[in-house]
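Participant: Need coordinates for the following:
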Amino acid sequence: TPSSRCAMACSRTCSRILGLSLGATALFAAATNTALLFPNWDVTYLLRGLIGRQAMLGSGLWGGGLMMLTALLSSGLALLGALICFITSGIALKDGPFCMFDVSSFNQTQTWKYGYPFKDLPNRNYLYDHSLWNSVCLEPSKAVVWHVGFFSVLLCISLLQTLLVVIHFINSFLGLFCSLCEK
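Facilitator: This is a model prediction of the structure:
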């Protein structure tokens, strides 16, 4: 019948658009996570091992990137990759950037160390208190802006990927169901 042919054509068109969208977001997630490994486009932080654990985990590379590219083969694996990237990005935003900061306020001697200065900050949220952005992290410069910017992008990409995978799954199911009805 003409209506079932229209549904099948619509399903195929939707699949093509979803496939291209998933592929593009996968490449964008991989590129974004790669940028997180080079704060201020400086390789020395990576070489010195001064990169935060969420960036080193590379969820944008393998979760939002590689696993998402395999979405063309398996929606379940793609959904898992998108969810892992989403959760890791959310935790990274909650914990704040890995940077060098002054710990002298804690022990009265001027000491700098690398770590997560915002992770256990009492009664203040660095995401909303922009006065902390340039005053707490001493190195790399603009660490908070870099961290918040790229992990926010990864969070949005992984949310979009989750939505696209769910639509892809529904579209595939409807395509299968409509093809069975046609016969």
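
Participant: what's the helix or strand for F101?
Facilitator: Under DSSP states H and E, the secondary-structure element containing F101 is strand 99-102.

Participant: Adjacent strands (with direction) for that strand?
Facilitator: In its sheet, strand 99-102 lies beside strand 112-115 (antiparallel), strand 137-139 (antiparallel), with partners assigned from DSSP bridges.

Participant: what's in contact with the longest one?
Facilitator: The one in question is strand 112-115. Contact with strand 112-115 is made by 50, 98-103, 138, as judged by CB atoms under 8 Å, 6 or more residues apart in numbering. Every C-beta, even on glycine, is put in place using the N, C-alpha and C of the backbone.

Participant: If any of those residues are buried, put those into a PyMOL selection.
Facilitator: The following PyMOL command selects only the buried members of these, with burial defined by 16 or more other CB atoms under 10 Å:
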select buried, resi 98+99+100+101
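
Participant: Report the helix or strand with the lowest average pLDDT across the protein.
Facilitator: Sorting the helices and strands of the chain by mean pLDDT, DSSP states H and E puts helix 104-107 at the bottom, at a mean of 62.

Participant: How is C14 assigned, secondary-structure-wise?
Facilitator: Remark: C14 carries the secondary structure label helix [criterion: DSSP: H, G, I helix; E, B strand; the rest coil].

Participant: can you count the residues close to the nearest residue to it once chain neighbours are set aside?
Facilitator: Distances taken as CB to CB, 6 or more residues apart in numbering put N171 closest to C14, at 4.8 Å, once the chain neighbours are dropped. The number of residues packed near N171 is 18, by other CB atoms under 10 Å.

Participant: Chain neighbours aside, what residue packs nearest to V166?
Facilitator: Ranked by CB to CB, 6+ apart and with sequence neighbours excluded, the top spatial neighbour of V166 is L79, at 7.4 Å.

Participant: Against S104, how distant is that neighbour?
Facilitator: For L79, the distance to S104 under the criterion CB to CB, to the nearest Å works out to 46 Å.

Participant: What ranges does the chain have for its helices?
Facilitator: In the chain, the helices defined using DSSP state H lie at 2-36, 44-47, 53-57, 67-69, 75-95, 104-107, 143-182.

Participant: so which of the strands paired with strand 99-102 is the most packed in?
Facilitator: For the strands paired with strand 99-102, ranked by mean neighbour count under the definition mean count of other CB atoms under 10 Å, the leader is strand 137-139 at a mean of 18.

Participant: so for it, what's the average pLDDT?
Facilitator: Average pLDDT, strand 137-139: 88.

Participant: still on that earlier bit, what's the neighbour count on the residue nearest to V166?
Facilitator: Here the neighbour count serves as a burial measure; for L79 (other CB under 10 Å) it reads 20.

Participant: thought it was touching V165?
Facilitator: Yes - under the criterion of CB atoms under 8 Å, L79 makes contact with V165 at 4.7 Å.

Participant: residues in contact with the residue nearest to E139 when sequence neighbours are not counted?
Facilitator: Take E139 and drop its neighbours on the chain: the residue closest to it by CB to CB, 6+ apart is M100, 4.1 Å away. Applying CB under 8 Å, 6+ apart, one finds that M100 lies in contact with 50, 112-114, 137-139.
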